[in-house]
Each structure stands twice: as structure tokens, then as C-alpha cells.
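Visitor: Task: produce atomic coordinates for the following.
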Amino acid sequence: MLDYLKIYRPLNLFFMGLAQFFCAYYLDRFATLNSVISSGLFWLVIGTISCASFGYWINDYYDQERDIQNKKRPSYIAKLAPITVYIHLIIFVFAALLSGYFMGSWFLILFLFSVSMLFMYSWRLKDIPAIGNVIISLLSFYSIYSIIMLTSSVDSFLILHFSVFSGLVTFCREIIKDIEDMEGDKNYGSKTLPIVFGIKIANNIAYLILLFLISMLIFSYSYQSQYFQGVHQYLFYAYCLIFIVLPLYKVAIDLRHAQKKSDYKHLSLLMKYIIFTGIFSILFF
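Guide: Now for the predicted structure:
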């Protein structure tokens with residue numbers, strides 16, 4: 001049962017829903033629990049989680065041989081009959097599109113686009129340099145930015161801040177994961193960014209994006225200071241510096257010296273940690 005649940009990446013799904021709730025509730029000065037619920041957030045979370053579950057399942061299904069090389073163990077999905085996998089995928093698509101239908105045409109198109117891109121990503125696009133990385137980061141961006149379609153009173157700059165943060169961190173993490181899985185991907189015939197252009201160029205691309213992200217965060221935090229006063233402001237700045245900016249800077253520096261697979265695995269986990277601390281920074285609002 002535990003191996004079955006791992007296919008869903010439950011911790012990732014939990015934090016996706018949590019990030020959307022935090023943004024809808026804390027970044028809207030006039031929000032109440034009732035207004036957030038009535039805005040359609042429940043269906044947004046269901047639709048997002050359904051799309052993500054579809055992505056995890058179909059990616060594991062197509063990556064069965066590759067996972068044996070990269071992770072040294074087959075995914076549990078290899079033990080399931082293909083018809084079982086197909087039924088799951090159909091249920092995820094149905095749940096996503098039903099959620100979009102209840103929310104309106106914009107969300108219906110968004111969820112349809114998401115499952116389509118996740119299918120294309122797992123089937124072909126992740127093996128094309130940078131294209132797969134861009135798709136995943138774009139979907140990560142829209143998982144947060146879609147909150148702006150729920151209510152007009154949410155601060156659009158803050159939503160944009162967390163959306164861009166999510167997208168860029170995800171993009172860098174995808175590059176790091178590509179380098180980590182480079183050996184297995186190469187044997188599989190994949191043409192990811194590090195395989196085509198080399199590890200050094202892939203490192204430099206992620207490094208430059210991280211430096212841009214750090215600069216963007218510093219600018220954005222200066223805007224966000226209007227929401228805080230006194231000790232609250234210093235606590236916010238201290239949290240962002242210690243748990244977001246400095247870890248990002250560490251990843252950027254460590255990327256310059258990373259060589260082994262274990263180095264990139266550590267950096268990938270650190271990037272996931274930064275995503276989580278970024279989500280919890282919303283609580284300051």
C-alpha cells in the first residue's frame with residue numbers, strides 16, 4: 001500500500017494544495033474562510049492535484065526502464081496491469097476536467113492544457129533540451145498564478161511574485177535532476193540539456209537563473225515591506241534571508257563545484273526544501 005501511495009508523491013500534492021490555500025487566504029486582505037471556499041478554491045485544488053497525479057502516474061509508466069537505471073529500482077507502477085494504470089489516468093483526467101467545468105472555461109482550458117502537456121512531456125518532450133523543463137516550470141507557475149482568477153481583491157504583485165518564484169525554482173531543479181539522471185537518460189536515448197550541451201553549460205544556465213531569482217527576490221521583498229511594521233518586518237526579512245535567499249545562494253555556489261551524482265541529488269533536495277520554505281513565507285501576510 002505504501003509503495004502504491006508513493007506513485008502520487010503525497011507530500012508534493014499536499015504542499016501544492018497548501019500553497020494554493022495560503023495564497024488565496026493570506027494574500028487577499030479581505031479573505032475569510034467562507035469567501036475562500038465560495039470562490040471555488042476547493043475545485044482548483046482538486047483540479048491541480050488531479051493534473052499532478054496524472055503527471056506522476058504517466059511519467060512513472062513511461063519511465064519504468066529508465067527508473068531502473070537512474071534510481072536502481074523499478075517503480076511500483078511496473079507491478080500494476082496496464083489496464084489498471086489506464087483506469088487511474090482516465091479518472092485523473094475526468095476529475096481535472098470536471099473541476100474545470102465547475103469553475104468556468106478559463107480553468108477548463110487550463111486543466112486540459114495541463115494534462116495534455118504532461119502527457120506530451122512524459123511521452124516525448126522531456127527528452128528535448130530545455131523544452132520539458134520549461135513545461136514543468138510553466139505548469140508550476142500557473143498552479144499559483146491561477147489564484148488571481150478566483151478573486152479580484154488578491155494582491156496581483158504578490159501572486160506574480162510567488163508564481164515566478166515557483167516557476168524559476170522548479171526550472172532550476174529540473175535542470176539539476178536532469179544532470180543527476182544523466183547516465184540513465186543517455187542510455188535511454190534522451191537528449192536533455194546536460195546531455196546535448198554538457199554539464200558545465202547546464203550548470204551555468206541554472207547558476208545564472210538562480211542569481212536572477214535572488215536579485216528578483218530582494219527587489220520583491222522591498223515591495224512586500226509595506227505589509228509589515230516593526231518587529232514583524234524584521235522577522236519577515238530574517239526568515240526570507242535565512243530560509244530562502246541564503247539557501248538559494250548556497251545552491252548557486254555549490255553548483256559551480258558539483259561533480260558527482262550524489263552532489264546533484266543533495267542540491268535537488270535543497271531546492272525542494274526552498275520551495276517549501278517559500279510556501280510558508282506566505283504565512284507572514
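Visitor: helices and strands of this protein: which one bottoms out on pLDDT?
Guide: When the helices and strands of the chain are compared on mean pLDDT, DSSP states H and E, helix 64-70 comes out lowest with a mean of 72.
Visitor: residues near P247, how many?
Guide: 17 (other Cβ atoms under 10 Å). Where you see a C-beta, it was placed from the backbone N, CA and C, and this is true even at glycine.
Visitor: quick one on the thing from earlier: in the helix or strand just after the least confident helix or strand of the chain, what counts as buried?
Guide: Once helix 64-70 ends, the next helix or strand along the chain (criterion: DSSP states H and E) is helix 82-103. Of all the residues in helix 82-103, those buried under the rule 16 or more other Cβ atoms under 10 Å are V85, H88, L89, F92, V93, A95, A96, L97, L98, S99, G100, M103.
Visitor: Next: stretch 137-147.
Guide: S137, L138, L139, S140, F141, Y142, S143, I144, Y145, S146, I147.
Visitor: residues making contact with that stretch?
Guide: By Cβ atoms under 8 Å, 6 or more residues apart in numbering, the list of residues contacting stretch 137-147 from outside reads 16, 19-20, 23-24, 27, 44, 48, 51, 107, 110, 114, 117-118, 154, 159-160, 162-164, 166-168, 170-171, 174.
Visitor: Just the buried ones from those?
Guide: Buried among the contacts of stretch 137-147 (16+ other Cβ under 10 Å): 16, 19-20, 23-24, 27, 44, 48, 51, 107, 110, 114, 117-118, 154, 159, 162-164, 166-168, 170-171, 174.
Visitor: Give me the pLDDT for K72.
Guide: K72 carries a pLDDT value of 65.
Visitor: same deal with L118?
Guide: Model confidence at L118, given as pLDDT, is 96.
Visitor: For it, pull up the helix or strand it's in.
Guide: Element membership for L118 (DSSP H and E) is helix 105-123.
Visitor: okay, the angle between the helix or strand following that helix and helix 105-123?
Guide: Counting by DSSP H and E, the next helix or strand C-terminal to helix 105-123 is helix 131-145. With axes from the mean of the first three to the mean of the last three Cα atoms, to 10 degrees defining the directions, helix 131-145 sits at 150 degrees from helix 105-123.
Visitor: just checking, what packs against the helix or strand following helix 131-145?
Guide: Counting by DSSP H and E, the next helix or strand C-terminal to helix 131-145 is helix 156-180. Secondary-structure packing of helix 156-180 (3 or more Cβ pairs under 8 Å, 6 or more residues apart in numbering; DSSP states H and E): helix 10-26, helix 131-145, helix 193-197, helix 199-224, helix 246-255, helix 261-280.
Visitor: Same list, those helices, but as JSON lines with mean pLDDT and distance to Y237 please.
Guide: As requested, those are exported to JSON lines (pLDDT from 0 to 100; distance: least, Cβ to Cβ, whole Å):
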{"stretch": "helix 10-26", "mean pLDDT": "94", "distance to Y237": "17"}
{"stretch": "helix 131-145", "mean pLDDT": "94", "distance to Y237": "22"}
{"stretch": "helix 193-197", "mean pLDDT": "91", "distance to Y237": "35"}
{"stretch": "helix 199-224", "mean pLDDT": "92", "distance to Y237": "7"}
{"stretch": "helix 246-255", "mean pLDDT": "95", "distance to Y237": "12"}
{"stretch": "helix 261-280", "mean pLDDT": "94", "distance to Y237": "14"}
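Visitor: helix/strand/coil for the nearest residue to N12 once chain neighbours are set aside?
Guide: Of all residues beyond its chain neighbours, the one nearest N12 is A52 (7.0 Å), with distances taken as Cβ to Cβ, 6 or more residues apart in numbering. Secondary structure state of A52, per DSSP: H, G, I helix; E, B strand; the rest coil, is helix.
Visitor: Over to the one 3 residues further on?
Guide: Secondary structure state of G55, per three-state DSSP, is helix.
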